[in-house]
Each structure stands twice: as C-alpha cells, then as structure tokens.
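Below are the sequence and a predicted model for it; my questions follow.
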Amino acid sequence: MTAVETANREARTAMKLAKTAASKNEIISNQKIAITAASVARDAAIAALGSLPTPPVKPLKPVEIATISKMKGKKSSPSPRR
C-alpha cells in the first residue's frame, strides 16, 4: 500500500514538472510499473501465508441415553381428551 502511495505521489510531482508528452508518458509508464510490482509482491505475500484456517467446530454435547430404570419412575402424562 505504501509503495502504491509513493508511486502515485512521485508521479504527481513529476507530472507538474514534465513539459513534453514523451516525458509524461514515461512518468505514467513508471507509475504503472511500480503499482504492478507492488501488486505482485502483495499477491506473493498472501500466497506465502497458505490456505485459510478452518473455522472452529462447535463441540458436540454427549447424548444421554435413558435407561429403563430411569423410565420406570416416570409416568407418562395422559393425553388430553376432546
């Protein structure tokens, strides 16, 4: 990001002093080369980081299995009558 800002700043300063079309074209060309080089460096740095980390997984709650002894003490509620 700072390389792009520097290239833009230098290009603006040079454009103020440039007189001919050839020198202005050279300034613009140099600016584009600097921006491309910064972009390539950024892409290489991102590629060096590797793949994205996997997001954390929510822990699973243990499933409780109702034993027969637990079920014997409970009575089912009667179904409502119509």
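Looks like it came in fine.

mind listing what's buried in the lengthiest helix in the chain?
For the chain, the longest helix by residue count, based on DSSP state H, is helix 21-49. By 16 or more other CB atoms under 10 Å, the buried positions in helix 21-49 come out as 27, 31, 34, 38. The way it works is simple: take the backbone N, C-alpha and C, and place the C-beta from them, glycine included.

so where's this protein shaky on pLDDT?
Across the chain, the ranges flagged by pLDDT under 70 are 64-78, 82.

How much space separates the residue most central in space within the chain from Ile27?
Centrality entry for the chain: nearest residue to the mean C-alpha point is Leu52, 8.5 Å, by CA atoms, centre = their mean. As judged by CB to CB, to the nearest Å, Leu52 and Ile27 stand 39 Å apart.

now swap in Val63 and tell me
70 Å.

go on, Lys16?
To Ile27, Lys16 is 10 Å away according to CB to CB.

and what of Thr54?
Taken as CB to CB, the span from Thr54 to Ile27 is 47 Å.

for Ala37, same thing?
Applying CB to CB, the value for Ala37 to Ile27 is 16 Å.

Also Ala11?
Taking CB to CB, one finds Ala11 at 5 Å from Ile27.

can you check Ala45 too?
From Ala45 across to Ile27, the span is 27 Å (CB to CB).

One more: Ile35?
13 Å.

Check the offset of the helix or strand containing Arg9 from the chain's centre.
Applying DSSP states H and E as the criterion places Arg9 in helix 2-17. The chain centre lies 29 Å from the centre of helix 2-17; the measure is CA atoms, centre = their mean, to the nearest Å.
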